[in-house]
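**Student:** Sequence plus predicted model, see below.
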Amino acid sequence: MGEFINFLGNNLADFWTYTGFANATTGHLVMILVGLVFIYLAVAKEFEPMLLIPIGFGMLIGNIPFNTEAGLNVGIYEEGSVLNILYQGVTSGWYPPLIFLGIGAMTDFSALISNPKLLLIGAAAQFGIFGAYMIAMAIGFEPSQAGAIAIIGGADGPTAIFLSSKLAPNLMGAIAVSAYSYMALVPVIQPPIMRLLTTKKERLMRMPAPRKVSHTEKVIFPIVGLLLTCFLVPSGLPLLGMLFFGNLLKESGVTRRLAETARGPLIDTITILLGVTVGASTQASEFLTVDSILIFGLGALSFVIATTSGVLFVKLFNLILPKHKRINPLIGNAGVSAVPDSARISQTVGLEYDPTNYLLMHAMGPNVAGVIGSAVAAGILLGFLM
């Protein structure tokens, strides 16, 4: 009987060493708490639930403590585990182009085609990326790391993942979570900046209705867009190629099933896999570092710079535009590529001051230009930092 009790006690003691309770650290608990906050923001506040719920739950998955010496082969950083295999879509950079394919199949470029000068706003907002790059270099990050961190300013999660997978794989978890966090916080971060930088008169400014864009123009645009951008920045081909291809599927009118698949089941599936694996990559031992804290700070700064640059550019641009063609500065924030959230913020803030002034269609121009701009900026950084 005594031997059986000893045997049972030894087995229970061994079992205890495998449990999460025995292997938990303060870091695990902190990251689990962060994951719960993400889920709360998604459910209670409806901040980008399609992104924050997969990422938040992924954080819970990635921070379940286990005995790393037991050979369980379940962690995301353990070669050959299921999570590790799914994570290869992130580390190898093939989730982001598929996301861009879906974005292209969802996007209507009519507002940009009808008013091409709005492209300049999307370009101006990319100053947040290059401003953050210089700041990251100044505080001690290596050039490739600074480039990967800076892309957060574009408010484009897939582009941030794609670029960091090439330039700074060791920082990808922090960069990806930071990028998606600030995408979700667009309604919190941008409105105060927009109000601060504009006058009441500017907020009330009305813009002429966009002209009607023909079907031919919509079909030609993705072809010309691909050739112009990728001849200029060939390194952006994986993102820009899939973006414009998805848009051609949508606008051609003869590949409706393919377009519906790209913007529906395909992008939903990839979003789930990308969100969960990015969340799981925030394993406490890999994620809770000084660099991660700096990345979050730089990400916030680059996002503020991008929003500020877009609004100020419109104000300066208006100085040389005829009065009847001037642009409401409230759409300057939409130059970042958080589609369509930034455009909705332009509309929301505008309606606060004039309930009959609808800015959404105008704001979609710089918003989709921002998608192109962030991909081009990523291609530029990739081209001279690889």
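**Tutor:** Nice, I can see it.

**Student:** Can you get me a residue count around Pro54?
**Tutor:** Other residues lying near Pro54 total 24 when counted by other C-beta atoms under 10 Å. Just so you know, the C-beta spots here come from the backbone N, C-alpha and C atoms, and that holds for glycine as well.

**Student:** what's the closest non-adjacent residue to it?
**Tutor:** Leaving aside its chain neighbours, Pro54 sits nearest to Gly275 (2.6 Å; criterion: C-beta to C-beta, 6 or more residues apart in numbering).

**Student:** For that neighbour, list the residues it contacts.
**Tutor:** Going by C-beta atoms under 8 Å, 6 or more residues apart in numbering, Gly275 touches Leu51, Ile53, Pro54, Ile55, Gly58, Tyr180.

**Student:** Turn those residues into JSON lines, columns for secondary structure.
**Tutor:** Output for the contacts of Gly275, formatted as JSON lines (DSSP: H, G, I helix; E, B strand; the rest coil):
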{"residue": "Leu51", "secondary structure": "helix"}
{"residue": "Ile53", "secondary structure": "helix"}
{"residue": "Pro54", "secondary structure": "helix"}
{"residue": "Ile55", "secondary structure": "helix"}
{"residue": "Gly58", "secondary structure": "helix"}
{"residue": "Tyr180", "secondary structure": "helix"}
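
**Student:** all helices for the stretch 201-350 of the chain, in order.
**Tutor:** Remark: helices assigned in the stretch 201-350 of the chain by DSSP state H, counting those that start in this stretch are 215-232, 237-252, 256-261, 267-280, 284-287, 290-317, 341-353.

**Student:** Quick check, central residue of this protein?
**Tutor:** Closest to where the C-alpha atoms of the chain average out (C-alpha atoms, centre = their mean) is Gly157, at 2.0 Å.

**Student:** any idea how far Ile85 is from that one?
**Tutor:** Using C-beta to C-beta, to the nearest Å, Gly157 is found at 21 Å from Ile85.

**Student:** Val219: neighbour count?
**Tutor:** By other C-beta under 10 Å, neighbour count at Val219 equals 15.

**Student:** Show the model's pLDDT score for it.
**Tutor:** Model confidence at Val219, given as pLDDT, is 97.

**Student:** Now it: closest residue in space that isn't a chain neighbour?
**Tutor:** The nearest residue in space to Val219 (C-beta to C-beta, 6+ apart) is Glu251, at 5.3 Å.

**Student:** any idea how far the one you found is from Ile220?
**Tutor:** 9 Å.

**Student:** For the stretch 101-250 of the chain, give me the ranges with low pLDDT.
**Tutor:** Along the stretch 101-250 of the chain, the model assigns pLDDT under 70 to no residue.

**Student:** can I assume Gly173 is in contact with Leu288?
**Tutor:** No - contact criterion C-beta atoms under 8 Å: Gly173 and Leu288 do not qualify, at 10.5 Å.

**Student:** With neighbour numbers in mind, choose between the two.
**Tutor:** Gly173 (27 against 19).

**Student:** And what about that one, helix, strand or coil?
**Tutor:** Three-state call for Gly173 (three-state DSSP): helix.

**Student:** Show me what stretch 89-100 is in contact with.
**Tutor:** Residues outside stretch 89-100 that contact it (C-beta under 8 Å, 6+ apart): 158-159, 161-162, 165-166, 169, 172, 176, 238-243, 246, 266-267, 270-271, 273-274, 277-278, 281, 375.

**Student:** and those, which are buried?
**Tutor:** With neighbours counted by 16 or more other C-beta atoms under 10 Å, these contain buried members at 158-159, 161-162, 165-166, 172, 176, 238-243, 246, 266-267, 270-271, 273-274, 277-278, 281, 375.

**Student:** and Pro210, how many neighbours does it have?
**Tutor:** 17.

**Student:** So Ala300 is in contact with Tyr182, correct?
**Tutor:** Yes - Ala300 lies in contact with Tyr182 (C-beta under 8 Å); the separation is 6.7 Å.

**Student:** Run through the residues that contact Leu52.
**Tutor:** Here Leu52 is in contact with Phe38, Ile39, Leu41, Ala42, Tyr180, Ala184 (C-beta under 8 Å, 6+ apart).

**Student:** make it 7 Å
**Tutor:** Phe38, Ile39, Leu41, Ala42, Ala184 (C-beta atoms under 7 Å, 6 or more residues apart in numbering).

**Student:** any idea which of these has the most stuff around it?
**Tutor:** Phe38 (28 neighbours).

**Student:** Report the separation between the closest residue in space to that residue that isn't next to it in sequence and Ala176.
**Tutor:** The spatially closest residue to Phe38, leaving aside those adjacent along the chain, is Gly56, at 3.1 Å (C-beta to C-beta, 6+ apart). Using C-beta to C-beta, one gets 13 Å for the distance from Gly56 to Ala176.

**Student:** follow-up on the earlier one: please say which of Glu251 and Ile220 ends up with more neighbours.
**Tutor:** Neighbours per residue, other C-beta under 10 Å: of Glu251 and Ile220, the larger number sits with Glu251, 23 against 14.

**Student:** quick one: that one from Leu72, how far?
**Tutor:** 49 Å.

**Student:** show me what contacts Ile295?
**Tutor:** The contact partners of Ile295, by C-beta under 7 Å, 6+ apart, come to Ile149, Leu171, Ala174, Ile175, Ser178.

**Student:** Nearest spatial neighbour of the last one, chain-adjacent residues omitted?
**Tutor:** If you skip the residues right next to it in sequence, Ser178 has Gly299 as its closest partner in space, 4.0 Å away by C-beta to C-beta, 6+ apart.

**Student:** so what pLDDT did the one you found get?
**Tutor:** In this model, Gly299 is scored at 87, pLDDT.

**Student:** was I right about it contacting Ile152?
**Tutor:** Yes - with contact defined as C-beta atoms under 7 Å, Gly299 reaches Ile152; the gap is 3.8 Å.

**Student:** shared neighbours of the two, anything?
**Tutor:** Contacts common to Gly299 and Ile152, judged by C-beta under 7 Å, 6+ apart, are Ser178, Ala179, Tyr182.
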